[in-house]
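**Student:** Kindly return the folded structure for what I paste below:
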Amino acid sequence: MQILTPHVYWAQRHGEIYLRVDLSDAKNLDISLQENNTLQFRAQGHGAKGDNEYKFSLEFFEAVQPEINHKSTQRQVDIKIKKQEERWWDRLTLQGKKPLFLAPDFDRWLDESDAEMELQAKEEKINKISVESRVRKDPYLGLKKGYLFMYNLVQFLGFSWIFVNMTVRLFILGQDSFYDTFHTTADMMYFCQMMAVLEVINPLLGLVKTGFFPAMIQVAGRNVILFVVFGSLEEMQNKPVVFFVFYLWSTIEIFRYPFYMLACISTEWKLLTWLRYSLWIPLYPLGVVAEAVAVIQSLPVFDETRLFSLPLPALLGHSLSFSYTLQLYLVLMFLGLFINFRHLYKQRKRRFRSRKRKVQ
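**Tutor:** Here you go, the predicted model:
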């Protein structure tokens, strides 16, 4: 029986050599690596010259490891050999002239730069799996996400009710709706702002990554306006400034809360994301200005009613008006605006920078 040479196709990576022997239904396989770094192959099978015995030998360009992994299928024989050192070879064989039976395996072929990228991707995947395996899974993660989803859903529904109520009344009554905003929406606003206290507690419990101080500044500031300035003074409850404060608050929140709600279920709407990270730019400063107007309008009322005044000894006078505290609060309000504005700007910059990297 005539001994023939099969067609052999090869490709490489930095650490391995791949050989594909075009021999179907191969049997009596004899594959070995000789001491002179030469691969010897002999097998019976169906090749280019029909059913015969085929053999070949290859002396590799550099040293390889002695272990040979091979797999025979109905169509071919696949051989994988590891290099002794992980580096790119200029060619497969030590001899400069390529054997006639040898050709590139274009199904596996990569140039050196592509192979480096493939290797880097594999290393990144391995590192990611390694990090994930070291991170202990939180057994209460589902419960935490469920709680946060429900909290954001309730707040979204509450502020949506306020926003829709005020908008409908504005279209029907026009400017007349400015003067009874508090009496028609205060109960729901009280509920939402009392619930918002949880936004200060959640970072302390590690439920969210949001900073504690920005949340405390916003929640405390709003509650001072709602409960102290509006809630305790009937004279303030009929003023148009209530409409503008409530409307600006609810406009911001009807986009913020659904964004966080969807984040709990790993869902993102691009338009909603843009609105959440962009609408605050004009609305947040306008809201602070409206709150400042409310505080300024309440100063003479507190002076007149002496509500929350601090009693003083007889030598110093009767009492210290609460309006002085509110004047100090005005200064702190704009300081808080600067702190929160910077915090929100950093959030926006980080968010859209990461999105840009994903696109690239």
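
**Student:** For the nearest residue to Gln95 once chain neighbours are set aside, give the beta-bridge partners.
**Tutor:** Spatial nearest neighbour of Gln95, chain neighbours left out: Glu59 (6.8 Å); criterion: CB to CB, 6 or more residues apart in numbering. C-beta here means a position set from N, CA and C on the backbone, and glycine is covered the same way. For Glu59, the beta-bridge partners under DSSP bridges are Thr38.

**Student:** Just to check, Glu59 is in contact with Glu35?
**Tutor:** No - Glu59 is beyond contact range of Glu35, at 11.3 Å (criterion: CB atoms under 8 Å).

**Student:** Which residue of these two possesses the greater neighbour count?
**Tutor:** Higher neighbour count among Glu59 and Glu35: Glu59, with 14 against 6, using other CB atoms under 10 Å.

**Student:** got the contact list for that one?
**Tutor:** Glu59 makes contact with 36-39, 93-95, according to CB atoms under 8 Å, 6 or more residues apart in numbering.

**Student:** Mark which of these are buried, thanks.
**Tutor:** When those are checked for burial by 16 or more other CB atoms under 10 Å, the buried set is 37, 39, 93.

**Student:** surely Leu102 meets Leu58?
**Tutor:** Yes - with contact defined as CB under 8 Å, Leu102 counts as touching Leu58 (7.5 Å).

**Student:** what about Thr251, neighbour count?
**Tutor:** If you count neighbours by other CB under 10 Å, Thr251 ends up with 20.

**Student:** Low-confidence regions, the protein specifically.
**Tutor:** Scanning the chain for pLDDT under 70 picks out 1-2, 112-116, 118-119, 123, 126-136, 314-317, 354-360.

**Student:** Which stretches in it count as helices?
**Tutor:** Here the chain has its helices, by DSSP state H, at 112-134, 141-173, 181-195, 198-204, 212-223, 241-263, 270-278, 280-305, 322-359.

**Student:** ranking those by burial, who's on top?
**Tutor:** With neighbours taken as mean count of other CB atoms under 10 Å, those reach their highest mean count in helix 241-263, at a mean of 21.

**Student:** and the angle for that one with helix 212-223?
**Tutor:** Going by axes from the mean of the first three to the mean of the last three CA atoms, to 10 degrees, helix 241-263 is angled at 140 degrees with respect to helix 212-223.

**Student:** about what we covered before: determine which two of the contacts of Glu59 are furthest apart.
**Tutor:** Farthest apart among the contacts of Glu59 by CB to CB are Leu39 and Gln95. That separation is 13.5 Å.
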